[in-house]
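In: Test case, fold it:
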Amino acid sequence: MNALPPHPHHGAEDLCAAGVELYERALREGVVSSAAAEAVPCLVDLGLLRPDVADPSRLRPIAPASALHRLLRGVEDRIADARRREEWLAETFEPLMTLGSGGTAVADTPLINVLSGFDRINLAIEQAMANASGELLAIQPRRGQDTAERLAFSLRRDQALLDRGGRIRTLYQHTVRHSPAVIARYEQLRGDAEARTLDEVTDKLIVVDDAVAFIPASKDRTLALEVRHPALLAFFTTTFDRLWRLATPMYPQAVQPPALNGITPRQRAIAALLIEGHTDAVIADRLGMNVRTAREHIAKLAATLGSESRAQLGYLIGQSGILAPEG
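Out: Okay, the predicted model is just below:
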């Protein structure tokens, strides 16, 4: 014989459909068997059914008016008890409120919060930006395919920060130096906005007023971390500043990195990755370009160094000294 599935625990205010049906049947017929109530023990637990004095194998219903009065009295008792506990808590914490106003208590804002979904992530960033008046630091590995509406909103949001006297510094990869969308963005911004580029940057990072940071928490960026931990914020800003010093200015004054012995900075970056043994696909991904463009740069590098094979190219790169530290 199969055992009955466990019946979920609930109160009278959440009386289950099976319980209502059996109670209605008991009211119509005046009695139900104990076996019929085994599947819905809530009726007995709530006092809606009681054993028949003459026959314990049967259950008789309590009149709805009596049952309602008794259940409501129980609700009133619980409300009164809740009010007593509310008064006790208020009396207990009232003298403590003044002690917590000195700024030494821990805030209830989580130091690290997980954000799920692009809408929730964007909303959190927008709320942080709306209250910002200091500096926005951003690392953008590559430009996404944002809609014109989204780009326009982002431009208005950043301009609002600049209008409040704020500052914006953004790090891009070298591949966006001639991007029409990026160029148009900075041509429209008015205020203290700067941009620099590197061959390789970290994953996406946004730091607002040294108070909150946003970083991806999944590869598809549908999850993000909202970070308010002081130690992590200090780490993010220090890392950004060090990368900023190594980067090449792009806006407001663009600087073209000089070539060394006919080797462009882009080709030197590719040479460093070739020496590490990376494939064309990995090199393209690391430098934010497509594989075809990466292969064109590799071919030009090979031609400049006089290489006839991939293996020879690695040897010639090592012998050329183009990867030696400058200065």
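
In: where does the most far-flung residue of the chain relative to its centre fall, phi/psi-wise?
Out: Residue farthest from the centre of the chain, counting by CA atoms, centre = their mean, is Ala54 at 65.3 Å. Main-chain torsions, Ala54, degrees, to the nearest 10: phi -80, psi -30.

In: can you tell me how far Glu126 sits from Ala18?
Out: Plainly put, Glu126 is 48 Å away from Ala18 if you go by CB to CB, to the nearest Å. In this view, the C-beta of every residue, glycine as well, is placed from N, C-alpha and C.

In: Repeat that for Arg25.
Out: Applying CB to CB to Arg25 and Ala18 gives a distance of 11 Å.

In: By residue count, tell me the biggest helix in the chain.
Out: Of all segments of type helix in the chain, defined using DSSP state H, the longest is helix 64-97.

In: pLDDT (mean, whole number) over that one?
Out: Per-residue pLDDT over helix 64-97 has a mean of 81.

In: buried residues in it?
Out: Judged by neighbour count using 16 or more other CB atoms under 10 Å, the buried positions of helix 64-97 are Ala67, Leu71.

In: With stretch 52-63 instead?
Out: The neighbour-count check on stretch 52-63 (16+ other CB under 10 Å) flags Asp52, Arg58, Leu59, Arg60, Pro61, Ile62 as buried.

In: now, which of those sits nearest Leu274?
Out: Nearest to Leu274 among the buried residues of stretch 52-63, counting by CB to CB, is Leu59 at 83.8 Å.

In: quick one: low-confidence parts of this protein?
Out: Applying pLDDT under 70 to the chain picks out residues 1-6, 10-14, 100-109, 142-148, 254-262, 322-327.

In: Quick check on the residue nearest to the spatial centre of it: phi, psi?
Out: Geometric centre of the chain, nearest residue: Ala224, 2.2 Å, by CA atoms, centre = their mean. When read as degrees, to the nearest 10, the backbone of Ala224 gives phi -140, psi 160.

In: Who does it form a beta bridge with?
Out: Beta bridges link Ala224 to Leu115, Pro216, judged by DSSP bridges.

In: What helices and strands are in contact with the longest helix of the chain?
Out: In terms of contacts (3 or more CB pairs under 8 Å, 6 or more residues apart in numbering; DSSP states H and E), helix 64-97 is not packed against any helix or strand.

In: give me that answer again for 10 Å
Out: Here helix 64-97 touches helix 17-29, going by 3 or more CB pairs under 10 Å, 6 or more residues apart in numbering; DSSP states H and E.

In: hmm, who's touching the helix it packs on?
Out: 7, 10, 12, 15-16, 31-32, 36-37, 39-43, 45-46, 48-49, 58-64, 67 (CB atoms under 10 Å, 6 or more residues apart in numbering).

In: switch the cut-off to 7 Å
Out: Val32, Ala36, Ala37, Ala39, Val40, Cys42, Leu43, Leu48, Leu49, Leu59, Pro61 (CB atoms under 7 Å, 6 or more residues apart in numbering).

In: Who is the first one paired with across the strands?
Out: Taking DSSP bridges as the rule, Val32 bridges to Leu59.

In: what about the longest helix of the chain, distance to the chain center?
Out: Relative to its parent chain, helix 64-97 has a centroid offset of 39 Å by CA atoms, centre = their mean, to the nearest Å.

In: ok and that helix relative to helix 17-29, angle-wise?
Out: In terms of direction (axes from the mean of the first three to the mean of the last three CA atoms, to 10 degrees), helix 64-97 departs from helix 17-29 by 150 degrees.

In: picking up where we left off before, next one: the residue farthest from the centre of the chain from Asp210, what distance?
Out: Here the criterion is CB to CB. By it, Ala54 lies 80 Å from Asp210.

In: And for Arg185?
Out: Where Asp210 is concerned, Arg185 sits at a distance of 24 Å (CB to CB).

In: Which one's more surrounded, those two?
Out: Using other CB atoms under 10 Å as the criterion, Arg185 and Asp210 rank with Arg185 on top: 19 against 14.

In: which residues in the protein form strands?
Out: Listed in chain order, the strands of the chain (DSSP state E) span 32-33, 49-51, 58-61, 112-116, 135-140, 167-173, 192-198, 205-208, 212-216, 223-227, 248-251.

In: Buried residues, stretch 33-53. List them.
Out: Applying 16+ other CB under 10 Å to stretch 33-53 flags Ala37, Val40, Cys42, Leu43, Leu46, Leu48, Leu49, Asp52 as buried.

In: wouldn't the residue nearest to the centre of the chain be in contact with Ala213 here?
Out: No: if you go by CB atoms under 7 Å, Ala224 and Ala213 don't touch, sitting 10.0 Å apart.

In: Ser247: how many residues sit nearby?
Out: Slight slip there: residue 247 is Ala, not Ser. Count around Ala247 with other CB under 10 Å applied: 19.

In: Spatially nearest residue to it, not counting backbone neighbours?
Out: Arg196 (3.5 Å; CB to CB, 6 or more residues apart in numbering).

In: ditto for Leu43
Out: Leu49 (4.4 Å).

In: How much space separates Phe214 from Arg156?
Out: In terms of CB to CB, Phe214 sits 19 Å off from Arg156.

In: Who has more neighbours out of the two?
Out: Between Phe214 and Arg156, Phe214 has the larger neighbour count (other CB under 10 Å), namely 22 against 10.

In: Please consider this matter closed, and thank you.
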